[in-house]
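**Q** compute the structure for the input listed below.
(4 chains)
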2 protein chains.
Amino acid sequence: MKQTKDENTEEQILDAAKNVFQTKGMEGARMQEIADNAGINKAMLHYYYRSKQLLFEAVFKNAFSLLAPQLNAILNDDSSIENKIKHFTASYISFIVKHPYLPNFIIQELNRKPDFILKLKENKGFPNLEKFKKQVAIEVEKGIIKPISAEQLFINILALNIFPFVAKPLILAFTNTNKKAFKQLMIDRKTEVSNFIINSIKNT
Amino acid sequence: MKQTKDENTEEQILDAAKNVFQTKGMEGARMQEIADNAGINKAMLHYYYRSKQLLFEAVFKNAFSLLAPQLNAILNDDSSIENKIKHFTASYISFIVKHPYLPNFIIQELNRKPDFILKLKENKGFPNLEKFKKQVAIEVEKGIIKPISAEQLFINILALNIFPFVAKPLILAFTNTNKKAFKQLMIDRKTEVSNFIINSIKNT
DNA sequence: ATATTTGTTAACCAAATGGTTAAACCGTAT
DNA sequence: ATACGGTTTAACCATTTGGTTAACAAATAT
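**A** Predicted coordinates:
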């Protein structure tokens, strides 16, 4: 059972590393803590991933590869802008509830080392705005939606969906809500946000 | 000239610490780097601020005390919702251009230690939603704006204004723009965002 | 002038941390 | 049985890091 053994430890490490890196960040994470979390010796981390940096990159790429398809959904499918927004908002918020540390982790680490995203950009499947731009231009021309640049619309969609999770501690404090009420707020946003956006851009 | 000398070093330290902490975070920052940045000996940091933790807290509170009044502007002044949004959006974006690392710094550190905000909450001047809630309720009732909860509206305003700066590396990559074009996008947002919000909520 | 308080520095320290090594373990093939 | 490959561990190492100390400098008070 050599094979399965390998993959088991390797995955256990990756999983433990994910938890530690995503909550503490690259600088805050400790190799010892990851090892403890995975229930193994610290030397094993290096046996499988060579260095903290490489282990981190494995975790990061993994995280990003979960996020990217979410974004591509809105950029590359063929439904109308309105439908895309509805669908994306609902599905993205469900997605984040399952991976609560993910957006903050990615944003935090990209701010620390902004060049890191260049490596990812070469990958097939890296989100690309071209198709979305054309679609927005067409719907604007047809008068379906009000004039807006695709970039600004895209930023707005991301902002409204992602920000509340990234700024969760701030929002908890400002709105004076507990975690349960926060979760309800987020659930409400599944429809709230898409209505908000569509109200704003749709021609009547 | 003891007095001026003191305050000079103390402020030099705080300024250097601000730069290092805001770009590298608590965990990534090194006391030596702060000392070098301030052009002084490492021991001086401890002479004036006792520990890394206390120096960090000084920087953090300072940063937060810059941000809080920005938020209070929208929560506590007496103009209409529409005017508040217009004013806040324009002034907040100008503010951030001057302090680009600030929002990310605050968000990052609050996610690391979410309880830290409890200390701030006791302070006079901590943003409070009560007045804004009433105002939204009134304008909804009068039919000036469409029905929306004050919390959701507040989150949306923050999201649309703050998110682009926090997620700058992501947005640069997705929209394939350089820093100059990004800056232009942000300037455009001064009116873009407030129109976007007002379009969405205003009754016609 | 001189003592005293305040500011500053260089040298030092203990703990933590990422990483290495050499030996042990264990399933498999010979 | 035994040799061999990958896997796992405990002990170890070098460096970094936040923090301290003791002596020195400079300003202020007596």
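**Q** break chain A into its domains for me.
**A** Here the domain assignment for chain A is A:1-50, A:60-201, based on automatic domain parsing.
**Q** mean pLDDT, distance to DNA strand C and mean neighbour count added to those domains, as a markdown table?
**A** C-beta coordinates here come from the backbone N, C-alpha and C atoms, glycine included. Formatted as a markdown table, these follow (pLDDT from 0 to 100; distance: least, Cβ to the nearest atom of the strand, whole Å; neighbours: other Cβ atoms under 10 Å in any protein chain shown):
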| stretch | mean pLDDT | distance to DNA strand C | mean neighbour count |
| --- | --- | --- | --- |
| domain A:1-50 | 90 | 4 | 16 |
| domain A:60-201 | 96 | 15 | 18 |
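**Q** quick one, which of these is nearest to DNA strand D?
**A** Nearest to DNA strand D, of all these, is domain A:1-50, at 3.3 Å by Cβ to the nearest atom of the strand.
**Q** ok, that closest one near chain B or not?
**A** Yes - residues of domain A:1-50 contacting chain B under Cβ under 8 Å from any Cβ of the partner chain: A:24-28.
**Q** adding distance to DNA strand D and secondary structure, write those residues out as a markdown table.
**A** A markdown table is the format used below for these (distance: Cβ to the nearest atom of the strand, whole Å; DSSP: H, G, I helix; E, B strand; the rest coil):
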| residue | distance to DNA strand D | secondary structure |
| --- | --- | --- |
| A:Lys24 | 15 | helix |
| A:Gly25 | 14 | helix |
| A:Met26 | 13 | helix |
| A:Glu27 | 9 | helix |
| A:Gly28 | 12 | helix |
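**Q** what is the nearest of those to B:Tyr48?
**A** A:Glu27 (24.2 Å; Cβ to Cβ).
**Q** correct me if wrong: that closest one contacts B:Glu27.
**A** Yes - with contact defined as Cβ atoms under 8 Å, A:Glu27 counts as touching B:Glu27 (3.8 Å).
**Q** for chain A, which segments count as helices?
**A** A:2-28, A:31-38, A:42-49, A:52-76, A:81-98, A:102-112, A:116-121, A:130-141, A:150-166, A:168-175, A:179-201 (DSSP state H).
**Q** and these: which comes nearest B:Lys113?
**A** Between B:Lys113 and the helices of chain A, the shortest gap by Cβ to Cβ is with helix A:168-175, which sits at 8.8 Å.
**Q** give me the distance between the closest one and the centre of its chain.
**A** On the basis of Cα atoms, centre = their mean, to the nearest Å, helix A:168-175 sits 20 Å off its chain's mean C-alpha point.
**Q** elements contacting that helix?
**A** helix A:179-201, helix B:102-112, helix B:116-121, helix B:150-166 (3 or more Cβ pairs under 8 Å, 6 or more residues apart in numbering or on different chains; DSSP states H and E).
**Q** how about 6 Å then?
**A** Packed against helix A:168-175 by the contact rule (3 or more Cβ pairs under 6 Å, 6 or more residues apart in numbering or on different chains; DSSP states H and E) you find helix B:116-121.
**Q** show me the contact partners of the helix it packs on.
**A** Helix B:116-121 is touched from outside by A:169, A:173, B:64, B:110, with contacts defined as Cβ atoms under 6 Å, 6 or more residues apart in numbering or on different chains.
**Q** how about stretch A:140-154?
**A** Outside stretch A:140-154, the residues that reach it (Cβ under 6 Å, 6+ apart) are A:132-133, A:136, A:139, A:201-203, B:175, B:192.
**Q** end to end, how far does that stretch reach?
**A** Terminal residues of stretch A:140-154 are spaced 14 Å apart (Cα to Cα, to the nearest Å).
**Q** just flag the most distant two among the contacts of helix B:116-121.
**A** Taking Cβ to Cβ as the measure, the contacts of helix B:116-121 span a maximum distance of 12.0 Å, between A:Pro169 and B:Phe64.
**Q** related to what we said a few turns ago, could the helices of chain A be laid out in CSV, adding distance to B:Leu71?
**A** Shown next, in CSV, are the helices of chain A (distance: least, Cβ to Cβ, whole Å):
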stretch, distance to B:Leu71
helix A:2-28, 26
helix A:31-38, 35
helix A:42-49, 42
helix A:52-76, 28
helix A:81-98, 24
helix A:102-112, 20
helix A:116-121, 30
helix A:130-141, 32
helix A:150-166, 14
helix A:168-175, 8
helix A:179-201, 18
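**Q** surely A:Gln190 touches A:Ile93?
**A** If you look again at residue A:190, you'll see it is Lys, not Gln. Yes - taking Cβ atoms under 6 Å as the definition, A:Lys190 is a contact partner of A:Ile93 at 5.1 Å.
**Q** what bridges to A:Lys202?
**A** A:Ile145 (DSSP bridges).
**Q** okay, now it: neighbour count?
**A** 16 (other Cβ atoms under 10 Å in any protein chain shown).
**Q** from DNA strand D, how far off is it?
**A** 52 Å (Cβ to the nearest atom of the strand, to the nearest Å).
**Q** what sits against A:Glu130?
**A** Not one residue lies near A:Glu130 by Cβ under 6 Å, 6+ apart.
**Q** ugh, wrong one, A:Phe95
**A** Taking Cβ under 6 Å, 6+ apart, one finds A:Gln70 in contact with A:Phe95.
**Q** and it, how far is that from A:Pro114?
**A** Separation of A:Phe95 from A:Pro114 (Cβ to Cβ, to the nearest Å): 24 Å.
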